[in-house]
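Sharing a model that was predicted from the sequence below.
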Amino acid sequence: MEILLGLIIIAIGAACQASSYVPINKVKDWSWESYWIVQGVFAWLLLPLLGALLAVPADCNLFDLFVQNPRSTGLTIFYGALWGVGGLTFGLSMRYLGVALGQSIALGTCAALGTLLAPIFTGHTADLTTSVFIGVAVTLIGIGIIGVAGNMKAKSLSEEEKKAAVKDFNFTKGIAVALLAGFMSACFNIGLAQGADLTFAGVNPMFVSLPATLLVTFGGFVTNAAYCFYQNSKNRTWNDYRKTAVWGNNTLFCLLAGALWYSQFFGLSLGKGFLTSSSVLTTFAFCILMALNVVFSNVWGIILKEWKGCSRKTITVLIAGIIVLIISSFLPQLL
């Protein structure tokens, strides 16, 4: 029962993450770089800090924990910064390959490498059991099937629509960027593994990884802030922050977007607290989260009618991919 509850919590977090881009549509009169970094303040700094404080006993100090473990702290922030690069290059993979192929390669690489490299980099290779490898393989198959559905959808577009969708198509460059984005994004889980000892004795297992989550997102914030501020200067959009008439509206929706985004990793921490009886699912949890992110993102795509007009065959392939990903979430526990 605890394992089921843990999986449900992770699923709720994934559903929230898939919904995090909806509030962004309500942001007014701000460029991408401006609203991206403002929502990042909430998603990668303030909310992770509040989450991390849940893991701090009354007589302890979070800052002291980090200072007393400089190596783990530094490595966790470092991998967080790499993860931040992954998020920025993710969009480029879709620019060169299209959404279907670009997203499939990048997310597949992220799910697989994030799950497999974290134990390798921390010397816990014994955690990589046959069940974990099978689970990763099934996840990749599910993401691949959804990629096929996306490709079928793209083929149904007119030539003008195809050129508009992937006007900068470049297969060689796109594959390289997608693999880079996937590897860099996988660094989030590697960072969590590097920061596994950044916790206090006796802390509730649900909150154990939240201090490390804060450091990973902090590293990502630094990377994203550097890029966004560069874009503010390049595009001369610093005035966005002076538009006081929209600050209330935009801050509210950036907060909502940030809260929904952070929910995935808050849910991952809480969910793993219920999976402690299964070392397989604890190792596989990151892959579960990535798989369910894909599931709920495509559910939103259906709700928002992004698949409207597609053939029944295309929708069948899409649903098949979603079903495979759902099965992959609990399959390792059954093996």
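In hand now; what should we look at?

other SSEs contacting the lengthiest helix in the chain?
Among the elements of the chain assigned as helix by DSSP state H, the one spanning the most residues is helix 244-273. Secondary-structure packing of helix 244-273 (3 or more Cβ pairs under 8 Å, 6 or more residues apart in numbering; DSSP states H and E): helix 2-19, helix 32-40, helix 47-53, helix 210-234, helix 279-303. C-beta here means a position set from N, CA and C on the backbone, and glycine is covered the same way.

How about residues contacting the first one?
Outside of helix 2-19, the residues within contact range by Cβ atoms under 8 Å, 6 or more residues apart in numbering are 259-261, 263-268, 270-275, 277-278, 281, 285, 288-289, 292-293, 295-297, 299-300, 329-330, 333.

Quick check, central residue of this structure?
When Cα atoms, centre = their mean is applied to the chain, the residue found nearest the centroid is M290 (6.6 Å).

ok, the closest residue to that residue other than its chain neighbours - contacts?
Counting by Cβ to Cβ, 6 or more residues apart in numbering, M290 lies nearest to A111, which is 3.8 Å off, once chain neighbours are set aside. For A111, the contacting residues are 136, 139-140, 143, 186, 286-287, 290-291, by Cβ under 8 Å, 6+ apart.

sorry, back to before: buried by neighbour count, from the contacts of helix 2-19: which ones?
259-261, 263-268, 270-275, 278, 281, 285, 288-289, 292-293, 295-297, 329, 333 (16 or more other Cβ atoms under 10 Å).

Now the element after the worst-scoring helix or strand of the chain on mean pLDDT, going C-ward?
In the chain, the helix or strand scored least confidently by mean pLDDT, DSSP states H and E is helix 159-165, which has a mean of 57. Next in sequence after helix 159-165, counting helices and strands by DSSP states H and E, comes helix 171-194.

Off-centre distance for that next one?
Its chain's C-alpha centre and that of helix 171-194 lie 11 Å apart, by Cα atoms, centre = their mean, to the nearest Å.

any low-confidence regions in the protein?
Counting by pLDDT under 70, the ranges of the chain that qualify are 91, 94-95, 97-103, 157-171.

Apply 50 and report the result again.
By pLDDT under 50, the chain has no low-scoring segment.
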